[in-house]
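> this one's structure only:
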């Protein structure tokens, strides 16, 4: 899934090791982060998608020279008190339903994310056909983590290629 990103991201840190892992909701997981963190070849670029930012070890974040965040967040439940309550309710319902009807939960998730099967969208793992490959226990555990996560932003401010972007965005807001 992430192999195509390595070549595209080389311009951020030329000659770097690009580090991406697959959690394993569909099929087998792999942990590229551990192998990359032990590498002494050039700079280390870490890619995180969504909850992945909360799954990367603080030690790896401290070692990396660059960080690419795709749909990541400090805390999943942002916004007003009302919006936070609605978000928490939705995640908790998904967590409860994932053990009962995982295909329906995934269809609802894809639909709410804007994917349209009638337009030809085919996810990497179609919930209507790959139900048996879904690691529902891991997904359930990660939904609970999603509900509780709150990242210490100071971990990110130490990363050279993230820090400059963070400061620029932070300074503009000031």
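Nice, thanks for sending it over. This one's a predicted model, so the numbers in the text were calculated from it and none came from an experiment. Numbering: from 1, shown residues only.

> Going by C-alpha atoms from here, please, whenever you check contacts or count neighbours.
Fine.

> Below-threshold pLDDT in the protein: ranges please.
Counting by pLDDT under 70, the chain has low-confidence residues at 1-7, 9-10, 12-13, 18-20, 28, 30-42, 116-132, 162-174.

> any idea which helix is longest in it?
Among the elements of type helix in the chain, defined by DSSP state H, the one spanning the most residues is helix 81-97.

> following it, which helix or strand comes up?
In the C-terminal direction, the helix or strand that comes right after helix 81-97 (DSSP states H and E) is helix 102-112.

> Now do the strands in the chain.
Along the chain, counting by DSSP state E, strands occupy 17-19, 44-49, 66-70.

> any chance of these in a markdown table, plus mean neighbour count and distance to residue 158?
Listed next are these as a markdown table, based on neighbours: other C-alpha atoms under 10 Å; distance: least, C-alpha to C-alpha, whole Å:
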| stretch | mean neighbour count | distance to residue 158 |
| --- | --- | --- |
| strand 17-19 | 23 | 18 |
| strand 44-49 | 22 | 14 |
| strand 66-70 | 18 | 10 |
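
> of the ones you listed, which approaches residue 106 most closely?
Nearest to residue 106 among the strands of the chain is strand 44-49 (17.5 Å), distances taken as C-alpha to C-alpha.

> How many neighbouring residues does residue 145 have?
Counted with other C-alpha atoms under 10 Å, residues neighbouring residue 145 total 15.

> ok and the longest helix of the chain relative to helix 102-112, angle-wise?
For helix 81-97 against helix 102-112, the angle by axes from the mean of the first three to the mean of the last three C-alpha atoms, to 10 degrees is 150 degrees.

> Make a markdown table from the strands of the chain and add distance to residue 142 to it.
Supplementary listing: the strands of the chain in a markdown table, determined by distance: least, C-alpha to C-alpha, whole Å:
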| stretch | distance to residue 142 |
| --- | --- |
| strand 17-19 | 21 |
| strand 44-49 | 13 |
| strand 66-70 | 17 |
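
> Nearest to residue 157, out of those?
strand 66-70 (10.6 Å).

> burial count for the closest residue to residue 53 other than its chain neighbours?
Counting by C-alpha to C-alpha, 6 or more residues apart in numbering, the nearest residue to residue 53 once its immediate chain neighbours are dropped is residue 72, at 6.4 Å. The local packing of residue 72 (other C-alpha under 10 Å) involves 15 other residues.
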